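Undergrad: based on what follows, work out the 3D shape:
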Amino acid sequence: MRKILSVLLVLALSAGIASADGRKVGILSKLNMTQEEYTDFIAAGRKAGAWNFFSSKPKDEPVSFVFYDTLQAMQLALNAGEIDEAALPEVVAEYVMNVTGAYRISSIAKTRPAYLAFGFRAGSSDELLKQFNDAILSMKEDGTLAVLQAKYIYDAGIGDPESVEFRKFDNVDRKLTIAVTGDLPPIDYVTADGKAAGFNTAVIAEIGKRLQVNVELLQVMSGARASAVVSGRADAVFWIQGHRDVPKHSDIPAGIELSEPYYEWNEYLFLAR
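TA: Numbers count the residues shown, from 1 in each chain. Okay, the predicted model is just below:
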């Protein structure tokens, strides 16, 4: 899926909150920072060397981030000229470009590794968290996770990510409700008829099989990920991401604990019209 890029064009961030005349970059909502705080957070990270930027744009050009709760809302804003770029993990950006044919890569940002994990309500599901961690580690050790990454991410091609069938266990009362957003295809995707598909779904199907539990999926907005778990509507949630070694995590609010990571990346692509 990955394309060979002839020129590296990367985001230039200013220190401090960007002015109204600067570039506006859309990004899926963060749960533990405001848009202004996130702008400063990225700028401070660049200054400290947490991100490697190479840019053909002026280094003092101000940039501000705009949060969106869905990928569709961010694309609509980009199409309408309300933002200048949309920032997405590399494989997601390439999927969007391949499917729509409507965007170009305007910038590339190499960061410290960001990751996907499962989010749980802190203190209330320690045994379930341990079971997920054990399952993820065993999937890494026996090669299952690498096989799923290849099938559902790197070899996915163009079009809707492949749907996944969940194994049903008869005479098993235990059920897990897992929240999904559908906003990171081909990693996490919900089809037009409401069926979850892609890599995340394949991972939870495998974990459900190993734990011998029946799994039910609940679609939520990106900004409602934490509340779905804290409120008890879901036992766990897909797509908690971010950098591990920062003073304040941009995407993990109080009350959320994370599992072992099951997918990592260190490159964001910025798409423009």
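
Undergrad: domain boundaries for this structure, per the record?
TA: The chain breaks down by automatic domain parsing into domains covering 23-113, 115-263.

Undergrad: hey, where'd the strands end up in this protein?
TA: 23-28, 51-52, 63-68, 85-89, 104-121, 175-180, 183-184, 188-190, 196-197, 214-219, 236-240, 256-258, 263-272 (DSSP state E).

Undergrad: closest to Lys151 out of those?
TA: Ranking these by distance to Lys151, with C-beta to C-beta as the measure, places strand 196-197 first at 12.0 Å. C-betas here are computed from N, CA, C, even on glycine.

Undergrad: between the domains of the chain, which one is closest to Ala272.
TA: domain 23-113 (3.9 Å).

Undergrad: make JSON lines from the domains of the chain and add mean pLDDT and distance to Arg273 to it.
TA: As requested, the domains of the chain are exported to JSON lines (pLDDT from 0 to 100; distance: least, C-beta to C-beta, whole Å):
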{"stretch": "domain 23-113", "mean pLDDT": "84", "distance to Arg273": "6"}
{"stretch": "domain 115-263", "mean pLDDT": "87", "distance to Arg273": "20"}
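
Undergrad: between these, which one is nearest to Leu269?
TA: Ranking the domains of the chain by proximity to Leu269 (C-beta to C-beta) places domain 23-113 first, at 3.6 Å.

Undergrad: pull the distance from the closest one to the chain's centre.
TA: Centroid displacement of domain 23-113 relative to its chain, using C-alpha atoms, centre = their mean, to the nearest Å, is 13 Å.

Undergrad: centroid residue for this protein?
TA: Residue closest to the average C-alpha location in the chain (C-alpha atoms, centre = their mean): Trp239, at 5.1 Å.

Undergrad: show me what contacts that residue?
TA: Trp239 makes contact with Leu116, Val180, Thr181, Asp183, Leu184, Ile187, Asp188, Asn200, Ser222, Arg225, according to C-beta atoms under 8 Å, 6 or more residues apart in numbering.

Undergrad: same thing with Asp69?
TA: Contacts of Asp69 by C-beta under 8 Å, 6+ apart are Leu28, Ser29, Met221, Ser222, Gly223, Ala224.

Undergrad: please repeat the previous calculation with a cut-off of 10 Å.
TA: Contacts for Asp69 (C-beta atoms under 10 Å, 6 or more residues apart in numbering) come out as Leu28, Ser29, Thr181, Asp183, Val220, Met221, Ser222, Gly223, Ala224.

Undergrad: distance of it relative to Lys130?
TA: 31 Å (C-beta to C-beta, to the nearest Å).

Undergrad: also Asp173?
TA: Taken as C-beta to C-beta, the span from Asp173 to Lys130 is 20 Å.

Undergrad: what angle sits between the longest helix seen in the chain and strand 236-240?
TA: Determined from DSSP state H, the single longest helix within the chain is helix 126-141. Between helix 126-141 and strand 236-240, the angle comes out at 50 degrees (axes from the mean of the first three to the mean of the last three C-alpha atoms, to 10 degrees).
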